[in-house]
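Chemist: Below is the structure, and that's it, no one-letter string:
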């Protein structure tokens, strides 16, 4: 009986350590997410000149995707970078 209680106590201690590790990991994830969000907010501005026909096509496409033109351009550039990284 004492052996079972000892085993249960050891398991509880091991589970408590795992829980503490998970809590530490969760805190680290939250810290990293906050840092990533702060970096995302600090966007850079660029001047971009487009032909009227390209502008119109992007405007139509953005409207279909329920995005602003700026959002559509950012989306397209992000996708292009992701594809390039995967090559």
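Modeler: Looks like it arrived, so ask away. Since this is a predicted model, take the numbers as computed values, not measurements.

Chemist: How far off centre is the lowest-mean-pLDDT helix or strand in the chain?
Modeler: Sorting the helices and strands of the chain by mean pLDDT, DSSP states H and E puts helix 2-41 at the bottom, at a mean of 88. Centroid separation for helix 2-41 versus its chain: 21 Å, with C-alpha atoms, centre = their mean, to the nearest Å.

Chemist: need the next SSE after it, C-terminal direction.
Modeler: helix 52-64 (DSSP states H and E).

Chemist: quick one: average confidence on that following helix?
Modeler: Throughout helix 52-64, pLDDT has a mean value of 96.

Chemist: mind checking how far the helix or strand just after it is from the chain centre?
Modeler: Proceeding N to C from helix 52-64, the next assigned helix or strand is helix 69-86, under DSSP H and E. Taking C-alpha atoms, centre = their mean, the mean C-alpha location of helix 69-86 is offset from the chain mean by 15 Å.
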